[in-house]
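Novice: Provided below for reference: sequence and predicted model.
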Amino acid sequence: MRHLRGVILTGAQPGEQGLYFAEVPFHEWRTILPPIADYAVHIVLASVLLVAFFRLYTWLTPWDEVLLIRQGNNAAALSLGGALLGFSLTMASSLVHTVEYREFLGWAAGAMVVQVLAYAVTSRLLKISREHIET
């Protein structure tokens, strides 16, 4: 029986010498679709969460980051870029360490809350005001 081994097709039977990455019979191609569907769900969910975080973050800050970035303001670009990078790294870790999308959604939502709280605490402790970013 031929087996699909990642991208390697081999005619070796289980127990014989050969490269084995997975035990998926070649004729059962339908078994490959659920992981692809899971991947698509995770990617779409991660994209939606990133856009939601972007909207939430730009709504919470007292300045308009997008306008300031378009005007060439480096502080606004670093502030927004750092927040997006921090959230993206947390989502990437969640993607690696979770199995199903509901679990990923929970961890990503928790990361969003933590990121927003970190912004609120940091901006108050450092006394970051509108003038600091806009000038």
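Specialist: In hand now; what should we look at? This one's a predicted model, so the numbers in the text were calculated from it and none came from an experiment. Residues are numbered from 1 along each chain as shown.

Novice: any idea how many residues pack against W107?
Specialist: By the criterion of other C-beta atoms under 10 Å, W107 has 16 neighbours. Placement of C-beta: from N, CA and C, glycine included.

Novice: that one contacts S94, correct?
Specialist: Yes: the pair W107 / S94 is scored as a contact, 4.0 Å apart, by C-beta atoms under 8 Å.

Novice: need the longest helix for the chain.
Specialist: Longest helix in the chain, counting residues (DSSP state H): helix 33-60.

Novice: mean confidence for it?
Specialist: Mean pLDDT, computed over helix 33-60, is 88.

Novice: and the next element down the chain from that helix?
Specialist: helix 65-70 (DSSP states H and E).

Novice: report the buried residues of the next helix or strand after that next one.
Specialist: Following helix 65-70 in sequence order, the next helix or strand is helix 74-97 (DSSP H and E). Neighbour-count burial for helix 74-97 flags 75-76, 79-80, 83, 86-87, 90-91, 94-95 (criterion: 16 or more other C-beta atoms under 10 Å).

Novice: so what touches helix 74-97?
Specialist: 42, 46, 49-50, 53-54, 57-58, 61, 63, 65, 68-69, 104, 107-108, 111-112, 114-115, 118-119, 132-134 (C-beta atoms under 8 Å, 6 or more residues apart in numbering).
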